[in-house]
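Undergrad: with the sequence up front, the predicted model follows.
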Amino acid sequence: MKLHASGEDYLEAVLVLQKQKGMVRSVDIARHMDVSKPSVCYAVATLKDGGFLTMDDGFFLHLTNIGREVAEQIYEKHRFFTERLIAAGVDPETAEADACRIEHVISDESFQCLKSAKKTET
């Protein structure tokens, strides 16, 4: 299943919230992403069908192995671009928003090259 940017955002939100809170429910995602509960319900159902998420009997969400892998890749890109933009003088709020857009469109090859270039700078 090919994920769209919104699906990647939902997986990233689950990962971030799990790191912060431990356990995550749909309502937590709605608050975190400032979206409606029906939007989260639809996204969760789609991500469950795609094998990226599971939900237990307590309605807590869990990333599957592939879901975690995708979420961690997106989150790594998000952090990388946010940090680089802030270091370049971009306002942190703008840097966050721009990083969220960049993380979805950059190729893995370009991202790996940028990461390697950053390592050789330091």
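TA: Ah, there it is. Note that this is a predicted model, so its numbers are computed, not measured.
Undergrad: tell me if I'm right that residue 62 and residue 52 touch.
TA: No - using Cβ atoms under 8 Å as the test, residue 62 is too far from residue 52 to be in contact (10.3 Å). Heads up, the C-betas are built off the backbone N, CA and C, glycines and all.
Undergrad: among those two, which residue is more densely surrounded?
TA: Neighbours were counted for residue 62 and for residue 52 using other Cβ atoms under 10 Å; residue 52 has more, 25 against 14.
Undergrad: which residues does the nearest residue to that one once chain neighbours are set aside contact?
TA: What sits nearest to residue 52 in space, not counting adjacent residues and going by Cβ to Cβ, 6 or more residues apart in numbering, is residue 67, at 3.5 Å. Contacts here follow Cβ atoms under 8 Å, 6 or more residues apart in numbering; on that basis residue 67 touches 11, 14, 47, 51, 52, 53.
Undergrad: switch to 7 Å and redo it
TA: Residues in contact with residue 67 (Cβ atoms under 7 Å, 6 or more residues apart in numbering) are 11, 47, 52, 53.
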